[in-house]
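Student: Structure for the following, please:
(2 chains)
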There are 2 protein chains.
Amino acid sequence: MRVTETAALALASRLLEEHGAPRDHAALQARVLVTAEMKGHPSHGLSRLPRLVERMARGVVDPRTKGTQRWRADAALEVEGSAGFGPVVAMAAIERLAPHIPDLGIGLVVVRNANHLGMLAHYVEAIAALGLVGIALSSSEALVHPFGGTRAMLGTNPIAIGVPTAEDPLVLDLATSIVPMGRIHHHAATGRSIPEGWARDAAGKPTTDPRRAKAGAIAPFGGAKGYGLGIAIELLVAALAGSALAPEVHGTLDSQSPCNKGDVFILIEPSLAPGLPAQLSAYLDAVRASPSEVAGESILVPGDRARQRRAAAGRNGFEIDERLWDELNALSPSRILAFEGQRS
Amino acid sequence: MRVTETAALALASRLLEEHGAPRDHAALQARVLVTAEMKGHPSHGLSRLPRLVERMARGVVDPRTKGTQRWRADAALEVEGSAGFGPVVAMAAIERLAPHIPDLGIGLVVVRNANHLGMLAHYVEAIAALGLVGIALSSSEALVHPFGGTRAMLGTNPIAIGVPTAEDPLVLDLATSIVPMGRIHHHAATGRSIPEGWARDAAGKPTTDPRRAKAGAIAPFGGAKGYGLGIAIELLVAALAGSALAPEVHGTLDSQSPCNKGDVFILIEPSLAPGLPAQLSAYLDAVRASPSEVAGESILVPGDRARQRRAAAGRNGFEIDERLWDELNALSPSRILAFEGQRS
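Tutor: Residues are numbered from 1 along each chain as shown, chains lettered A, B, ... in the order given. The predicted structure follows:
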């Protein structure tokens, strides 16, 4: 079925409010999940809501807190997340730090013990909208095996980079695994096998069975280099945030454990050289216009596809699994029949 | 032939001094090149010296300057490199910023118009030796094609990350190209073809001929993700340093152009949580000890292999092309026959 952005935001917000979230916290958490759907990343979208609601009910998510902020140094804000919504804790800290960046030039936010951030693009887009360069890093449960290894030892350890230009910002958001674990789950749910090279089973053997892969390990992207980047992010996040390392991380995928991964955000003021933002845009346009391998296909810059999809979903709505939509409605004490009319 | 670390450092330093470099600048530039040789990366080693000397002779390298430093903001040091040696300009700025990091928590160095840095590992190792987390980024000439593209539009845009632990630091240093351009040149020089998928020729066609690849473009590593990381680094470096973008960059590979790429260094104080460095080391040891794909092979952590090779080269010397050694000796007004005895 197809739903509108407005309907999805309303249902997600209402559901979170009904389970104890203040209106503004519910709206932000809903925004992050719905935007992921609109960008075509349902693994980071509304399918996360039932678990989030269950976590709220069990008390391992506290929807009311923004965490406790402490200036660790002049340009470094340290946050005890206190089981808050990931987006609420992170954005509160980013908004606290951002006004100081013109004086500081660069600043750091580290977060411990907040819940899942959703897509990191959200944060670097928000930072870019302030005219700042942003870098976001996060850690997760052990899901990825080392290059040359077979056991899950690393998180999917995503990195996002946002750079403002005279036009749209460049927005990179990638996991250091070859695919997200959500994709493996999606293959399992739809009964399709996964390509060779994506994953290993619990015994460390290569597998194309997504159900066996779920209990095993995903490959890093890009061989030794992708593994190197992933383990560097693993160590960097733990070293800065003082958060747990992958084998000890819980709470981004389960329903009962407090979340103890870490998040890192770096905000930087760009050079104020005149004309620079226009030069950056012109360069990206030159890359887009450069010759493509397949005639007629244009070259994409990170963020282009997500921006196109989001805009289209804003106009036309987006597809969602009818069972998920029904499940979300069933979780709401005041079942939202008003949105039935949005069904396609 | 095999040379000792001491002999290589002495020859490189003497050569640079004889061509106008102050002793300490010559020693640092020599150290960076010789360490690359010892780590098994000759493309970033002594083969760079003849061109560097030629650049000094032409006046596009000024071996005497450390660049001009200016605090752009409280935590951001901006450096006009003024055609100085890359390592000299960068290390002077890093050493200026580092003492402020305990107060700041995080700090930034941006450099414009300095010469080639050599391997970025050098800088994050130096930062890690101060107990700090380091991130280093640099840009280059257009050598890499976009994912799905065929024309060189991006630099090789390397990233290095160093994280101190209770034992050896993690040291990641990778180019975002599938291989360094130096590897293509090495294949060309030794008459070997290159594997499919590495490069395209000047017309944008896939090629296994390294001579055609030299005039064309190298693939990004890791498909769309590696390309994404590379272009994000491209934009980030230009946005922060105000340096040129790849299609306009010159001076890291030629002998006559001033070098106008940019360099970025981020220094961060880690969490001071008790026991954290030991936890990081224990985690890395657990990764190293985790099951490997090939029985008997151990899993490596970024920095392990380079550290092993460097230690071995420190004990036993390292192999160098005899023609290169003779060429370097010939460039020295006081031909260093004293090192003939080091030949194997």
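Student: Find the nearest non-adjacent residue to the closest residue to chain B within the stretch 151-300 of chain A, please.
Tutor: In the stretch 151-300 of chain A, the residue found nearest to chain B is A:G222; the distance is 2.4 Å by CB to the nearest CB. Using the backbone N, CA and C atoms, a C-beta is placed for each residue, glycine as well. Spatial nearest neighbour of A:G222, excluding adjacent residues (CB to CB, 6 or more residues apart in numbering or on different chains): B:G222 at 2.4 Å.
Student: show me the contacts for that neighbour.
Tutor: With contacts defined as CB atoms under 8 Å, 6 or more residues apart in numbering or on different chains, B:G222 is in contact with A:221-223, A:225-226, B:229.
Student: of all those, which comes closest to B:A175?
Tutor: Checking the contacts of B:G222 against B:A175 by CB to CB gives A:K225 as the nearest, at 8.4 Å.
Student: Let me know whether that closest one touches B:L174 as I believe.
Tutor: Yes - A contact is recorded between A:K225 and B:L174 when judged using CB atoms under 8 Å, the distance being 4.8 Å.
Student: which residues are common contacts for the two?
Tutor: Shared contacts of A:K225 and B:L174, counting by CB under 8 Å, 6+ apart, come down to B:F221.
Student: ok, back up a step: need phi/psi at the residue nearest to A:G222.
Tutor: Backbone dihedrals for B:G222, given as degrees, to the nearest 10, come out at phi 60, psi 30.
Student: and it, how far is that from A:A241?
Tutor: Between B:G222 and A:A241 the distance is 26 Å, computed by CB to CB, to the nearest Å.
Student: and A:L16, that's in a strand?
Tutor: No - when DSSP: H, G, I helix; E, B strand; the rest coil is applied, A:L16 is found to be helix, with no strand at that position.
Student: close enough to count as contact, it and A:R31?
Tutor: No - here A:L16 does not reach A:R31: they are 10.9 Å apart, not a contact under CB under 8 Å.
Student: Tell me which residue is most central in chain A.
Tutor: Among the residues of chain A, the smallest C-alpha distance to the mean C-alpha position (CA atoms, centre = their mean) belongs to A:M119, namely 1.7 Å.
Student: Once you drop chain neighbours, what's closest to A:L15?
Tutor: Among residues not flanking A:L15 along the chain, A:S332 sits closest, at 5.0 Å (CB to CB, 6+ apart).
Student: give me the number of residues near the one you found?
Tutor: Using other CB atoms under 10 Å in any protein chain shown as the criterion, A:S332 is surrounded by 17 other residues.
Student: who has more neighbours, A:L16 and A:R31?
Tutor: The residue with the greater number of neighbours, taking A:L16 and A:R31 and applying other CB under 10 Å, is A:L16; the counts read 27 against 18.
Student: out of everything not next to it in sequence, what's closest to the more buried one?
Tutor: Closest residue to A:L16 in three dimensions, ignoring its sequence neighbours and counting by CB to CB, 6+ apart: A:A26, at 3.7 Å.
Student: What is the three-state secondary structure of the one you found?
Tutor: Here A:A26 is helix, with the state taken from three-state DSSP.
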